[in-house]
Structures are given as C-alpha cells and as structure tokens.
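[1] My questions concern the predicted model and sequence given below.
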Amino acid sequence: MDLTRWNPYHELGRMKEELNKIFDMGISPAVFGLGRNPSVDVRETDNAIIVSAEVPGVNPEDLDITVNEYHITLKGKTEKNKDVTDEGYRIMERRYGSFSRTIPLPEKIIPEESSADYRNGLLEIKLLKAEQGKKKSVKLNIKHDHH
C-alpha cells in the first residue's frame with residue numbers, strides 16, 4: 001500500500017498565492033476555518049489499523065469517538081478560557097469550538113475490539129482488522145492520565 005500525504009495547498013491551486021499574502025499579513029488560518037479538524041496519521045500492521053490524531057488542548061472528556069466497520073468519526077471541542085478577554089492580543093492563532101472528522105478506513109475492522117488512548121495531546125486509536133462481521137457502530141471510551 002502506498003502512503004499518500006494530503007497537501008491542502010495543492011488543492012487550492014490558483015488561490016495559493018492570494019492565501020499566502022493573507023497569511024503573511026499575520027492573519028491566522030483559523031479565521032478562515034482552515035486547520036480546524038485534527039491532523040491524523042493512519043497506519044496498518046498485520047492485524048490492526050492505528051489512527052493517531054493531534055488534539056492538543058482538548059480535554060479527553062470532550063472527545064467523542066464512533067467506530068463502524070469502515071469509518072471512524074472523531075468529534076470534540078475546545079473552549080476558550082472565560083476569564084481571558086481578546087484585549088491586548090497581537091496574534092491569536094489558537095482555535096476554539098467544535099470539530100468533527102470522519103476518516104475512511106482502508107480495511108474492515110471489528111468495532112467492539114477497538115481501543116483509544118490519550119496522552120500529551122495525541123489520541124491513538126487501535127482498530128483490529130476483521131475477516132467478516134455484522135455492521136455496527138460503537139462509542140469508544142478514552143483512557144488517559146488524570147492530571
């Protein structure tokens with residue numbers, strides 16, 4: 001299986017130059033909704049598919065993971081500290097709000113045998129490959145260190 005990296009600027013084509021001008025002015029991509037969904041890596045082993053998602057600043061209790069045989073959906077939210085105002089900011093790049101991302105899986109998996117682990121802003125989801133089974137979705141609990 002060949003690994004293909006997704007390049008969002010490649011798809012923007014002619015707009016890339018104009019977007020670069022906007023970014024050079026110090027305006028965050030978050031203003032335009034770019035980069036709102038977590039970046040993910042999907043890799044395979046002989047018996048599993050591993051999905052790693054960057055979710056810095058997201059509380060594990062605010063993450064919702066749903067898995068079916070062929071897709072995984074990550075939902076979550078980050079909230080701005082209510083005690084902090086926008087006053088005095090010169091650059092504001094951090095994103096707040098809800099996100100949702102559905103990732104197609106390269107092979108059929110067993111949803112009930114899936115697990116998720118959260119550590120230092122990285123969510124790792126292990127999905128066991130299946131030979132056959134009934135179509136089903138399950139919600140995953142996330143293991144994490146309480147600090």
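    Sure, I can see it.

[2] in terms of contact, does residue 100 touch residue 75 like I think?
    Yes: counting by Cβ atoms under 8 Å, residue 100 does reach residue 75; the two are 4.6 Å apart. Every C-beta, even on glycine, is put in place using the N, C-alpha and C of the backbone.

[3] Run through the helices of this structure in chain order.
    Ranges of helices in the chain, per DSSP state H, are 8-12, 16-24.

[4] If you average pLDDT over each of those helices, which is lowest?
    Looking at the helices of the chain, the lowest mean pLDDT belongs to helix 8-12 (a mean of 57).

[5] mind checking how far the closest residue to residue 121 other than its chain neighbours is from residue 3?
    For residue 121, ignoring the flanking residues on the chain, the nearest one in space by Cβ to Cβ, 6 or more residues apart in numbering is residue 56 at 3.6 Å. Computed as Cβ to Cβ, to the nearest Å, the residue 56 to residue 3 distance reads 24 Å.
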